[in-house]
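K.L.:
have a look; sequence and predicted model below, questions after that.
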Amino acid sequence: MDELTQAVLAREEVARYLSEGTPLEQDEARVRVLEFIEELRTTQRSEWYRTIEATLYPILRKVQRIGEHAERAVRAADAGRVIWVSNHRSHVDYLVEPLVMIDAGIPPPLMAAGINLFGGPLGLLHRHVTGAIPIRRNTKDPAYLMTLKAYVAEVLQRHDIFFYPEGGRSYSGELKPPKTGLYSACLSARIPGATIVPMAVSYDLVLEDHVLAKQKVKRSQRAFSSELREMVRYAVGYQSRAFVHFGEPVPVAGVNPDHKKSIIELAEHVQQQIGRLYHVLPTTLLSAAMTPSVPVAELRDAIARLLDRLRGAGAYVTVTDADQVLAEATELLEARGVIAVDEGRYRVRARNVLRYYARGIEHLLPETPATR
């Protein structure tokens, strides 16, 4: 057995589990744990990341990636072990965010990803190049959850880790509440000086916007090959900027990994930081201000009021006024088939997609309902 496997088996909770029951039951338990470890095993070849960029150029050339406050991330990476956490908008996140980190000179971390992404060529890429750890989401198997926690804790002793606390992409567009399983696993590593760096990714247009908005709620895990075919369909004519905004590191010292309430409070605090880092873009602003049919003058006024409220709430907004929002967002949303502009009046064409983008700022203005 390799060193990592031995370390996982030696962790207190795993060793106790393997020592319970009859010898036959112990053997069966050991086989299960070893199978889980093998499933979780991953290899990162960070020197191949630029090869990935060239290989996936047909997709990545459509996305201009922009890192914001990357100096915070560099300082954190230089200071010690880092747990990177981000909101989750698109499958493109898995490509864009590590590349933004590499652009800043930060070694890419290992990433936790849904096990549905590990089929076919992309699965080989994740398992043998990016170092992604396949995660079975929503499982209740105590043996698996125990092994996963032990595995992540031991991996964190050797590598930085990146995960999405929402557990998966937001199908309705809003920032979802955090799950605490991977937080608990990372904290159980008890690494002195470790920090959490919150990140937020935002796009002018999300590649899967029509696909996600149609479902709104994730009802079942679909094969990635099926999702990929839909993404290719909506990639025709697609162009977007991707902003990756890094926050100040959050120390984990003093958080008790054995105290559930402490973990929940930490997760909620980090999620609030992620929400404030979210770059509010013109497409989101226009979507949130829209009504089914509105004259351009009324829409301009609605956007101006929305900008004032967002700035008052401390949101991260870089556009200066409503005219800039209209100038930058109209063409994008019209080409995407979300709105139509006719004789000075804006009309909704894809209501679900418009609401998907509008919900992206609900966490900043919780008292405001989504666009009608």
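P.N.:
Looks like it came in fine.
K.L.:
leaving out chain neighbours, which residue sits closest to residue 339?
P.N.:
Once flanking residues are discounted, residue 339 sits nearest to residue 333: 4.7 Å by C-beta to C-beta, 6 or more residues apart in numbering. For the C-beta atoms, the positions are set from N, CA and C on the backbone; glycine is no exception.
K.L.:
the one you found belongs to a helix?
P.N.:
Yes: using DSSP: H, G, I helix; E, B strand; the rest coil, the assignment for residue 333 is a helix.
K.L.:
okay, now it: neighbour count?
P.N.:
26 (other C-beta atoms under 10 Å).
K.L.:
quick one: low-confidence ranges for the stretch 201-350 of the chain?
P.N.:
Within the stretch 201-350 of the chain, the ranges that satisfy pLDDT under 70 run 216-232, 234.
K.L.:
now do the strands in it.
P.N.:
For the stretch 201-350 of the chain, the strands defined by DSSP state E, counting those that start in this stretch cover 240-246, 250-251, 279-280, 293-295, 316-317, 339-342, 345-348.
K.L.:
so which residues make contact with the fifth one?
P.N.:
Among residues not part of strand 316-317, those counted as contacts by C-beta atoms under 8 Å, 6 or more residues apart in numbering are 245, 276-280, 285, 307, 310-311.
K.L.:
before we move on, back to that, nearest to residue 163, out of the strands of the stretch 201-350 of the chain?
P.N.:
strand 250-251 (14.4 Å; C-beta to C-beta).
K.L.:
any idea how this structure splits into domains?
P.N.:
Using automatic domain parsing, the domain ranges for the chain come out as 40-277, 280-361.
K.L.:
got those domains as TSV, with distance to residue 33 columns?
P.N.:
Converted to TSV, the domains of the chain look like this (distance: least, C-beta to C-beta, whole Å):
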stretch	distance to residue 33
domain 40-277	5
domain 280-361	41
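K.L.:
so which of those is nearest residue 5?
P.N.:
Nearest of the domains of the chain (C-beta to C-beta): domain 40-277, 8.3 Å.
K.L.:
the closest one: how far from the chain's middle?
P.N.:
Mean-position distance between domain 40-277 and its chain equals 5 Å (C-alpha atoms, centre = their mean, to the nearest Å).
K.L.:
any chance of the strands of the stretch 201-350 of the chain in CSV with mean neighbour count and distance to residue 74 as columns?
P.N.:
Shown next, in CSV, are those (neighbours: other C-beta atoms under 10 Å; distance: least, C-beta to C-beta, whole Å):
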stretch, mean neighbour count, distance to residue 74
strand 240-246, 24, 9
strand 250-251, 14, 16
strand 279-280, 22, 19
strand 293-295, 13, 44
strand 316-317, 20, 20
strand 339-342, 15, 39
strand 345-348, 18, 42
